[in-house]
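Engineer: Everything below, folded, please.
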Amino acid sequence: MTRFTVFMLALLPALLIGTVQVQAAELVASVDRSRLNTGETVELTLESSDVTQFGKPDLTPLEPAFEVRGTRQVNQLTTLNDGNQATTRWIITLLPRQNGSVEIPPLQLGDVQSQPLTVQVLESENQDSPKKLSPVFLEASLDQPSVYVQAQAILTLRIYHSVSLYDDSSLTPLQIPDARIEALGDSRTYEKDINGLRHGVIEMRYAIYPQHSGELTIPAQVFSATLVDAQPAQEADGQAPKSGKMMRVASAEIMLNVKAKPASYPTDAAWLPARRISLSENWNPDPEHAQVGDSLTRSLTLKVEGLASSQLPPLPATDVNGLRRYPDQAVLGNENTERGLVGSREEREALVPTRSGEIELPAVDVIWWNTFEDHLEHTSLPAQTLQVANNPSLVVDTPASTPQVMAGDSETLWWWKLSTLILACTTLLGFGLWWRARWQPAILRAAQTGPSPRTVLDDLKRACQANDSHATRQALDAWARQQPETLADMAARFVPLSDALDGLNGALYSETGQHWQGDDLWRAIRAIPIAERVHDPVGDSGLPPLYPK
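Structural biologist: The predicted structure follows:
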């Protein structure tokens with residue numbers, strides 16, 4: 001390792017630290033709005049993430065073009081990926097001294113400098129009517145007196161107050177029948193001088209889309225709030241201030257003329273009234289080197305100024321012979337601007353070439369109505385040709401000898417036939433076994449073991465004829481175990497057998513057992529009538545039936 005390499009390795013951490021500091025040491029400037037009227041203030045925000053900077057920016061360059069109304073500092077600590085990031089914001093309220101295009105010059109903070117910005121200050125009418133000199137008043141205005149059906153009209157509500165208000169203020173919700181309403185961002189707060197009197201302003205903007213032609217009435221909006229009463233000088237000795245006064249103010253109704261769709265607009269095209277439309281496409285990867293089987297992602301993006309994304313129609317699909325198409329779900333988005341909503345619709349589709357050669361992609365044409373210039377327009381992407389090459393990885397080598405190919409195919413086919421035949425035979429065998437098994441009883445009686453019924457009956461006969469009570473009892477038990485019913489059941493339904501059994505039991509458990517005669521028992525056994533077969537729901541196995549009724 002050379003000395004130069006060691007020196008560069010030692011210098012690398014310092015270079016990295018310096019790079020991080022350069023990236024962090026920046027001052028970003030932004031404004032809450034870029035268009036305002038005469039006498040209105042604008043908020044300039046300077047943001048820095050450099051924790052080594054102290055103090056505040058130098059605001060001296062602002063004095064020629066702006067009056068600095070106030071400055072406040074906000075420190076924020078954010079935790080990201082187990083790390084802390086500190087940011088400092090300076091929010092500066094500025095009042096432009098002139099109309100037209102006014103530049104906010106770069107501001108210095110230590111060694112860093114912000115970028116310049118430009119705001120448009122529009123000349124407004126003199127607001128000196130008695131109503132607008134009241135402590136609180138509400139103003140409603142439209143950006144245009146008439147629009148086409150389903151086109152955008154921007155309603156601006158401004159609440160002016162020259163006195164302080166409590167936090168209990170409220171505004172009636174904007175509800176318009178036969179119209180879609182979209183709020184354009186959060187409310188804004190700024191200041192405005194009216195006849196030399198400073199007013200606080202609360203501004204709300206809405207995008208209104210009428211759904212039917214004709215006259216559309218925008219109802220009056222009602223604002224209510226409690227005023228903070230100023231404490232009189234004679235009561236400044238510590239006494240409690242007077243209670244606040246509730247104020248209710250309303251705006252005037254506004255009529256909006258809604259024009260029908262022009263008769264010259266094509267009937268088979270989706271109605272798109274907008275100020276501006278842009279259509280773009282993007283490919284990933286580049287289609288100039290496309291091969292058969294490659295996946296090409298084509299993204300078509302439509303941006304429309306003056307419509308919400310939900311109003312944008314689907315773009316034409318790329319249905320071309322030689323391309324397999326796999327569409328993705330459309331991505332919708334809305335952006336709030338000074339001129340209202342800008343809706344966007346992005347459609348992605350994967351295109352896979354199935355053949356080589358030239359594949360023609362048709363032009364993508366979007367028909368829309370230009371509401372700014374009031375005429376029909378077309379925005380389109382030109383047709384293009386894809387040059388698709390063969391893919392070497394998809395080419396299969398063909399054997400030189402055709403008979404060998406046929407022999408190989410024949411052998412493979414023979415194995416398939418054999419396996420299919422074996423599978424068919426096993427399937428038939430399994431079906432036959434199942435058919436035989438379904439007719440067999442669910443539980444088979446166990447095979448009988450021990451002596452045969454004839455032998456047991458002969459043993460019982462000999463014991464009875466020999467008048468041997470003990471041998472008769474043993475032979476009787478062996479015979480009863482082979483019968484379909486118990487000895488007690490047979491005695492219960494045949495009285496002679498019951499009497500004979502009583503005699504046998506008496507002989508077994510008394511002193512007169514040696515005088516017992518077995519002829520009555522043998523005759524009773526021979527004369528037992530055959531019992532009617534009764535189906536016991538429990539069965540011989542002692543288990544409940546499989547399918548109870």
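
Engineer: What segments of the stretch 51-200 of the chain are strands?
Structural biologist: 66-80, 83-96, 100-104, 108-109, 112-113, 117-122, 136-142, 146-148, 153-161, 170-171, 179-183, 188-194, 197-210 (DSSP state E, counting those that start in this stretch).

Engineer: any idea which of those is most buried?
Structural biologist: With neighbours defined as mean count of other C-beta atoms under 10 Å, the strands of the stretch 51-200 of the chain peak in mean count at strand 153-161, which reaches a mean of 21. Backbone N, C-alpha and C define where each C-beta goes, glycine included.

Engineer: who's in contact with stretch 377-397?
Structural biologist: Applying C-beta atoms under 8 Å, 6 or more residues apart in numbering, the external contacts of stretch 377-397 come out as 277-281, 287-294, 300, 322, 353, 355-370.

Engineer: Just the buried ones out of those, please.
Structural biologist: 277, 279, 287, 290, 292, 300, 322, 353, 359, 361, 364, 366-370 (16 or more other C-beta atoms under 10 Å).

Engineer: Name the member of those with the shortest distance to Trp479.
Structural biologist: Closest approach between the buried ones among the contacts of stretch 377-397 and Trp479, by C-beta to C-beta: Val292, at 90.3 Å.

Engineer: Setting aside sequence neighbours, what's the nearest residue to Leu302?
Structural biologist: The shortest distance from Leu302 to any residue other than its chain neighbours is 4.8 Å, reached at Arg345 (C-beta to C-beta, 6 or more residues apart in numbering).

Engineer: Of the buried ones among the contacts of stretch 377-397, which is the nearest to Gln98?
Structural biologist: Asn370 (33.7 Å).

Engineer: do you know how far the residue lying closest to that closest one once chain neighbours are set aside is from Met204?
Structural biologist: Nearest non-adjacent residue to Asn370, counting by C-beta to C-beta, 6+ apart: Glu377, 4.9 Å away. The gap separating Glu377 from Met204 is 32 Å, by C-beta to C-beta, to the nearest Å.

Engineer: coming back round to it: and the residue nearest to Asn370, backbone torsions?
Structural biologist: The phi/psi pair for Glu377 (degrees, to the nearest 10) reads phi -140, psi 160.

Engineer: All the helices of the stretch 351-500 of the chain, residue numbers only.
Structural biologist: 402-437, 453-465, 469-481, 487-493, 495-508 (DSSP state H, counting those that start in this stretch).

Engineer: Just list the residues touching Pro116, thanks.
Structural biologist: 29, 103-106.

Engineer: Could you rerun that using 6 Å?
Structural biologist: 103, 105-106 (C-beta atoms under 6 Å, 6 or more residues apart in numbering).

Engineer: ok, these vs Val149, which is closest?
Structural biologist: Closest approach to Val149 among those (C-beta to C-beta): Glu103, at 40.7 Å.

Engineer: shaky segments in the stretch 151-300 of the chain?
Structural biologist: 229-244 (pLDDT under 70).

Engineer: ok so, going back, wait, doesn't the residue nearest to Leu302 sit right on Thr301?
Structural biologist: No. When contacts are counted by C-beta atoms under 6 Å, Arg345 is not listed as touching Thr301 (7.4 Å).

Engineer: higher neighbour count, those two?
Structural biologist: Arg345 (21 against 17; other C-beta atoms under 10 Å).

Engineer: helix or strand for the more buried one, which one?
Structural biologist: Arg345 belongs to strand 340-353 when assigned by DSSP states H and E.

Engineer: Contacts for that strand, please.
Structural biologist: Contacts of strand 340-353 with the rest of the structure, by C-beta under 6 Å, 6+ apart, involve 152, 154, 207, 290, 292, 295-309, 312, 315, 323-328, 330-335, 388.

Engineer: Filter those residues down to the buried ones.
Structural biologist: Among these, those scoring as buried are 152, 154, 207, 290, 292, 296, 298, 300-309, 312, 315, 323, 388 (criterion: 16+ other C-beta under 10 Å).

Engineer: Might you specify the subset of these located within helices?
Structural biologist: Members of these lying in helices (criterion: DSSP state H): none.
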